[in-house]
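Enquirer: sequence unknown, structure follows:
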Ligand SMILES: Nc1ncnc2c1ncn2[C@@H]1O[C@H](COP(=O)(O)OP(=O)(O)OP(=O)(O)O)[C@@H](O)[C@H]1O
């Protein structure tokens, strides 16, 4: 059974359907009880075969799959998918309901106090019972641990002072430790809790019960970090524990003034009644949700129970609310049908029920609310943030599956769901101001691009905009936190869906100026997902049609009219003031084409000007360019219609020119052959060997060649290299980056250490299918292993040579007092081994560059290198020239560990 379940999880993981790996699905698929299923899953978890993502509902992903994707796994459970993929530790406080609302300033104060340099400051949490003081103290510890503020083994040690209210001496002895014989019963030394908390946090709960003598004894520790154990007033002990106090009493009344003076931060925690009903709802949901997990069942509650939980003045605050919910779950365990536990009025504990008289409720007793549905309500106020989060989650998944059509499909669904959910929310869009503005903007866009928006969608957009405005602060904060990801997502959408991006951008620009809101890329992306319509826009995506005309708005009016009449966005326009010369036209066109990304056909509709001159100036390859002159609106319409019907460029331009007096010219795609360039600072021989390995690694039938070039030639010619003109150089593989603008570089050491396959794969865009890329990566993995490379690179005894070189590099690191990264070491191994062979064979009489400056400026480095290489030089009877030492120097200088 275990293996069958593992196979199931594995299969879903590889198909990226992770979220199907829930206990419920697994138990249904294999017809086994959920409890049994949970036991098996826990076993698999224990055995490191799977990990658990604690989203709601939680699901599992197989380790085999994660390994295949090179996703680093360093624990068994993750709070969410984002944490797994980005390895960002989720803020420990995010578990605290209200951490962004009523407890926001509390959390901020805890964070800044505990991290105050050098060792944090003492703080006091003050609030009624059950408000979460202990929980907050614990989360402060987790947070500090994640932030590396505490030592690795630093513990969280709790002392509840009220437990010692009648025996203060025992508390002092337990806290500070005691020596053998200090008091009756002290039969051995005891290190004490302050010592146990060394490097961590000591949490003194109910500190109002800490007697004055003990408070005083704490001062010395708080001031100097030292203390005496009970029974030994001679010896000083030291500890580095940060202290958090908590009390339910007014601290000014119960703590010594001298202690209060030593606590710079007193944080008061609000009672449950002081929190918003939104937050109370979230608390109820979270507590029930955890019970669902524990009991492995769905829970529903009657509307009466719901209403009591929402309104009751719980004196014991969150703690009491939690207790009431837990006991009502226990009381209802027997009322479990078809895996659903029902919580009714009589499930509530008597202490609550006695406050309510029978008949006080008029709500329909048959109404039940499922706990899972509470979630939707509990997060209502920040829908916009949740929307953004969902979009970014899609993007995170995209980074694994790399299929932009799936990204688009999921993004569209998220926006669709959001629209569905908000359309009915009248309250937010009462003000006709929003709707009026949105109507106005969407009508303009409709006129330009034939982009129809239904009334319901208009309402949803109005709601969205109002949320952006209402939640500006949170919206911004969220964006700042996720800026990098947002911009990456935007870049991908813009490259792949340029025309859709144009429309989305235009809508957002209008919204920005009409409502005076900030234009963030996530907003544009939201609109890209919303307006993208595969049947309408996709076919136009690979084609660009630009109307170029002299005059201030001739081209744009023509494009606008044509798009409107065609009811589709086909034409872009470039207006050329009368005195614009051809070069300026060409420059603007090139900028436009650069933004367009991948297109196959470019239609240029021009009013006059030299067609050939325009064409020759275009900086594009692999695109069919059709230029037609004497453009007019009817000609644009005829072309637009033809494109919509899918007529091929040659045929279309022929037809249009025959029916009018204009001429056209087509330049077929000029396809430059794509190549990978091998060029090694270690010599042409090494380049040649890399070339062989690469050719062996490329899957059959791929239209990519491998070429070599002398490294010094590459350096002298920089971007003026004739090879770059003749070929489309996908990237260069070598042992040292020549840093040439526009030349992508992949270091051999990256291939050995399997770093950055992703970057390399992206250079094969459109040249290899997913499967071919996979084969290629597997071959690279095999062929570029260090041992294989050594075998191929040298005719000397590779094991011996590698050992000697590795020793030399170790010595060099020691002399330099540096620790080089693995990447740099691998690069150096390859480089130096190839160099030694070259020196021995002396086939390549290298013209070494003049190194006088290098020699003068790096005397120490040269001395160290010679010393480290000394035994190799002796063994192989070679002398390592200065220019080679300079290469080694460059490697070391570029090391990322530095
Ligand atoms: N904001 C919150 N989010 C989630 N759970 C909470 C929150 N606040 C409190 N709880 C839960 O409520 C229970 C009571 O909290 P806690 O024991 O921390 O309160 P306290 O203020 O220390 O109480 P006391 O003063 O009686 O010691 C705990 O189980 C805690 O996990």
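Expert: All right, it came through fine. Remember, it's a predicted structure, so these values are computed and weren't measured experimentally.
Enquirer: name the residues of the one helix or strand residue 495 maps to that are buried.
Expert: Using DSSP states H and E, residue 495 sits within helix 483-496. Judged by neighbour count using 16 or more other CB atoms under 10 Å, the buried positions of helix 483-496 are 485-486, 489-490, 492-494, 496. C-betas here are computed from N, CA, C, even on glycine.
Enquirer: can you list contacts of that helix?
Expert: For helix 483-496, the external contacting residues (CB atoms under 8 Å, 6 or more residues apart in numbering) are 391-392, 395-396, 398, 404, 407, 479, 500-501, 520-522, 524-525, 528, 541, 595, 597-598.
Enquirer: ranges for the strands of the stretch 601-750 of the chain?
Expert: 601-606, 624-628, 664-667, 674-678, 704-708, 728-734, 745-747 (DSSP state E, counting those that start in this stretch).
Enquirer: ranking those strands by mean pLDDT, which is last?
Expert: For those, the weakest mean pLDDT is recorded on strand 664-667, namely a mean of 84.
Enquirer: residues from the stretch 51-200 of the chain in reach of the ligand?
Expert: When proximity is defined by CB under 6 Å from any ligand atom, the stretch 51-200 of the chain lies next to the ligand at 96-98, 129-135.
Enquirer: what do you get for the stretch 301-450 of the chain?
Expert: 318-319, 322.
Enquirer: mind putting the residues you listed in TSV, pLDDT, secondary structure and neighbour count included?
Expert: Output for those, formatted as TSV (pLDDT from 0 to 100; DSSP: H, G, I helix; E, B strand; the rest coil; neighbours: other CB atoms under 10 Å):
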residue	pLDDT	secondary structure	neighbour count
318	97	helix	24
319	96	helix	18
322	96	helix	19
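Enquirer: quick one: pLDDT of residue 578?
Expert: 75.
Enquirer: hang on, it in a strand?
Expert: No - under DSSP: H, G, I helix; E, B strand; the rest coil, residue 578 falls outside any strand and is assigned coil.
Enquirer: with adjacent residues omitted, what lies nearest to it?
Expert: residue 550 (5.3 Å; CB to CB, 6 or more residues apart in numbering).
Enquirer: ok, now which ones touch the one you found?
Expert: Going by CB under 8 Å, 6+ apart, the list of residues near residue 550 reads 576-578, 580, 607-608.
Enquirer: ok, of the residues you listed, which come out buried?
Expert: Buried subset of the contacts of residue 550 (neighbour count, 16+ other CB under 10 Å): 576, 580, 607.
Enquirer: assign the nearest residue in space to the last one that is not next to it in sequence to helix, strand or coil.
Expert: Which is residue 607. Spatial nearest neighbour of residue 607, excluding adjacent residues (CB to CB, 6+ apart): residue 549 at 4.4 Å. Using three-state DSSP, the secondary structure recorded for residue 549 is strand.
Enquirer: still on that earlier bit, the contacts of helix 483-496 in helices, which ones?
Expert: Using DSSP state H, the subset of these located in helices is 391-392, 395-396, 398, 404, 407, 479, 500-501, 521-522, 524-525, 528, 541, 595.
Enquirer: in ChimeraX, select just the buried ones from these.
Expert: ChimeraX command restricting those to the buried ones, with burial defined by 16+ other CB under 10 Å:
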select :391,392,395,396,398,407,479,500,501,521,522,524,525,528,541
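Enquirer: picking that back up, could the buried residues of helix 483-496 go into a markdown table alongside pLDDT and distance to residue 117?
Expert: Shown next, in a markdown table, are the buried residues of helix 483-496 (pLDDT from 0 to 100; distance: CB to CB, whole Å):
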| residue | pLDDT | distance to residue 117 |
| --- | --- | --- |
| 485 | 90 | 30 |
| 486 | 93 | 32 |
| 489 | 94 | 36 |
| 490 | 93 | 37 |
| 492 | 89 | 40 |
| 493 | 90 | 42 |
| 494 | 85 | 43 |
| 496 | 79 | 46 |
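Enquirer: out of those, which one sits closest to the ligand?
Expert: residue 485 (27.3 Å; CB to the nearest ligand atom).
Enquirer: roughly how far does the closest one sit from residue 522?
Expert: 9 Å (CB to CB, to the nearest Å).
Enquirer: the stretch 251-400 of the chain: helices as residue ranges?
Expert: For the stretch 251-400 of the chain, the helices defined by DSSP state H, counting those that start in this stretch occupy 251-254, 257-261, 277-295, 303-311, 317-332, 350-353, 371-378, 383-401.
Enquirer: so which of those helices comes closest to residue 696?
Expert: Smallest distance to residue 696 across the helices of the stretch 251-400 of the chain (CB to CB): 28.5 Å, for helix 383-401.
Enquirer: once you drop chain neighbours, what's closest to the residue of the chain found nearest the ligand?
Expert: Per CB to the nearest ligand atom, residue 132 is where the chain lies closest to the ligand, at 2.7 Å. Closest residue in space to residue 132, ignoring its immediate chain neighbours: residue 318 at 5.5 Å, by CB to CB, 6+ apart.
Enquirer: pretty sure the one you found is touching residue 272, no?
Expert: Yes - here residue 318 reaches residue 272: they are 5.7 Å apart, a contact under CB atoms under 8 Å.
Enquirer: any common contacting residues for these two?
Expert: Common neighbours of residue 318 and residue 272 (CB under 8 Å, 6+ apart) are 130-131, 283.
Enquirer: what about stretch 833-843, average pLDDT?
Expert: 77.
Enquirer: likewise stretch 608-616?
Expert: Rounded mean pLDDT across stretch 608-616 is 66.
Enquirer: what's the answer for stretch 348-361, then?
Expert: 71.
Enquirer: in stretch 758-776, which residues are buried?
Expert: 760-761, 763-764, 768, 772-773, 775-776.
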